[in-house]
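Predicted model and sequence follow; I will ask about them next.
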Amino acid sequence: MPSPKNSPRRTSKARGVLIGASIATAAALLGLASYSATKPEDRNTVTPTLDTSSPTAPAAGAQNGVHPELAKLARRTEGDPLAQGRADAPVVLVEYADFKCGYCGKFARDTEPELVKKYVDNGTLRIEWRNFPIFGDESEAVARTSWAAGQQGVFWPFHQAAYAKDAKAKGYGKDRLTEIAREAGVKDLARFAADSDSAGARAAVRKDQEEAYGLGATSTPSFLVNGEPIAGAQPDEVFEQAVERAARAAAAAKSGAAQGNRPTQGAPGNGEAQGAPGNGEAQGAPGNRETQDAPGNREAQK
C-alpha cells in the first residue's frame, strides 16, 4: 500500500517523536490495539487484531485504557477557532480526522451533534479538531481551507458543509471548496483563498498531522477522550460512556484535591491532620477505529 501523498511521516520520525517516547508508546493503542469493529450502515464488519510482536506495544502505567500523558495533548487554547466548548471543560475530546474520510463524515453527521447537545452545551465537554489528511492532495487542500475558514470564525459551519452527506461525492476541487466556503458563511473569499494557500495554513495542518503520526495513528477518525483512545465511528453510546467516565474521574480528582487541601480537626492535643487526596481512577477500554491499510470497516488509503 503506498504511503500517503506529501506525508510528513518520514520527516516526523527523523525529528523524533514530538510528544516524547512515553506518550508515543502509550499511544500505540491508536494504531495497534485490538478492537471489535462496529460497522456503519453501508460497510462490512471486520475485527483487526493486536500485533503483539510490535516493539511499540501499549505502555505500562495506563489505567483501564486511560493514559494520563495522552490527556496532555488537549491544547485548551482560549478562542481556538477549531475547537468548541469551554477551554476549562473537565473533558476534552480530540479528534484526528480527514474530510475525505467517510467514517469521519458519519461521526460528524450522526454522533458529534448529539455530543454537542448533551455535553458541550452544558460545559462538560470540549471538542478539539486536528486536521489529519491522509488521502492525498485533495485531503491536504480541504484541510488548509478548513483552517482558512476558521480564521474568519466559521470553521464549524465549514466542517458541517464539507461533511454533508453528498459532499464527498462532489469532490473537493478548488471551485467546490469556494462553494463550501460560501455556504459556510465565509465573508471575504479573497482572504479565504489567500489564507488557504498561506504558510500559516500549511504549518497548522502539518502540526496536527505530525502530532497524529507521532501518536502512531494511521487511520481516521481517531479520538482521545481525556487520554482514552477511541478509534472509528463508534455508536453514540461508546462516546457518551467515555465522556461520562472521564467526567466522573475529573470530578473525583477535583474532590480529592480539595480534600487534600482542607485541614481536618484532629484528636485533642494532636493538632490538625491533613486529609489525603482521593484517587479517582477512570475506567474504560480502548475503542474501535478505522485503519488505513486493512480491508473492511475503515477508510483505506488510496
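Noted; the coordinates are in hand.

Quick one: low-confidence residue ranges for the stretch 201-302 of the chain.
Applying pLDDT under 70 to the stretch 201-302 of the chain picks out residues 261-302.

And the strands in it, which stretches?
For the stretch 201-302 of the chain, the strands identified by DSSP state E, counting those that start in this stretch occupy 222-225, 228-231, 263-265, 272-274, in order along the chain.

try the stretch 1-150 of the chain
With DSSP E, counting those that start in this stretch applied, the stretch 1-150 of the chain shows strands at 83-84, 91-97, 125-131, listed in chain order.

can I get the ones you listed in a markdown table with mean pLDDT and distance to Glu114?
Yep, even glycine has a C-beta here, placed from its N, CA and C like the rest. Putting the strands of the stretch 1-150 of the chain into a markdown table (pLDDT from 0 to 100; distance: least, Cβ to Cβ, whole Å) gives the following:
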| stretch | mean pLDDT | distance to Glu114 |
| --- | --- | --- |
| strand 83-84 | 98 | 14 |
| strand 91-97 | 98 | 13 |
| strand 125-131 | 98 | 11 |
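
gap between Pro221 and Ala83?
Distance from Pro221 to Ala83, counting by Cβ to Cβ, to the nearest Å: 16 Å.

These two: which has the busier surroundings?
A side-by-side neighbour count of Pro221 and Ala83, using other Cβ atoms under 10 Å, places Pro221 first with 27 against 23.

With respect to burial, which of the strands of the stretch 1-150 of the chain scores highest?
Highest mean neighbour count among those (mean count of other Cβ atoms under 10 Å): strand 91-97, with a mean of 26.

which secondary structure elements does that strand contact?
strand 125-131, helix 199-215, strand 222-225, helix 236-261 (3 or more Cβ pairs under 8 Å, 6 or more residues apart in numbering; DSSP states H and E).

Work out the sheet partners of it and label each with its direction, please.
Within its sheet, strand 91-97 is paired with strand 125-131 (parallel), strand 222-225 (antiparallel), according to DSSP bridges.

Would you mind pulling the contact partners of the longest one?
When you say that, I think you mean strand 125-131. By Cβ atoms under 8 Å, 6 or more residues apart in numbering, the residues outside strand 125-131 that reach it are 74-76, 80, 82-87, 89, 91-98, 112, 115-116, 119-120, 143, 146-147, 155, 159, 204-205, 208-209, 211-212, 243.

Show me which of those are buried.
74-75, 82-86, 89, 91-98, 112, 115, 119-120, 143, 146-147, 155, 159, 204-205, 208-209, 211-212, 243 (16 or more other Cβ atoms under 10 Å).

Pull the contacting residues for Phe155.
By Cβ under 8 Å, 6+ apart, the contact set of Phe155 is Pro81, Leu82, Trp129, Ser146, Trp147, Ala149.

Where does the prediction get shaky in the stretch 51-200 of the chain?
When the per-residue scores of the stretch 51-200 of the chain are filtered using pLDDT under 70, the ranges that remain are 51-62.

can you map out the helices along it?
Using DSSP state H, counting those that start in this stretch, the helices of the stretch 51-200 of the chain run over 68-71, 102-106, 112-115, 137-151, 155-162, 167-170, 174-184, 189-196, 199-215.

Convert the C-alpha atoms of the third one to CSV, please.
Output of helix 112-115 as CSV, limited to C-alpha atoms (Å, rounded to 0.1, in the frame of the first residue of the first chain):
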residue,chain,number,x,y,z
GLU,A,112,-21.0,14.8,17.1
PRO,A,113,-24.2,16.9,17.1
GLU,A,114,-25.6,14.7,19.9
LEU,A,115,-22.4,15.1,21.9
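
Make sure Ile180 is actually in contact with Ala161.
Yes - contact between Ile180 and Ala161 holds when scored by Cβ atoms under 8 Å: they sit 4.8 Å apart.

Between these two, which contacts overlap?
Common neighbours of Ile180 and Ala161, counting by Cβ under 8 Å, 6+ apart, are Ala167.

neighbour-wise, which of those two wins?
Residue environment comparison for Ile180 versus Ala161 gives the larger neighbour count to Ile180, 26 against 18, counting by other Cβ under 10 Å.

How about the contacts made by the more buried one?
Residues touching Ile180, when contacts are defined by Cβ under 8 Å, 6+ apart, comprise Thr145, Phe158, Ala161, Ala162, Ala167, Tyr172.

rerun at 10 Å
Contact criterion Cβ atoms under 10 Å, 6 or more residues apart in numbering gives 99, 142, 145-146, 149, 157-164, 167, 170, 172, 186 as the residues in contact with Ile180.

Sweet, I'm off.
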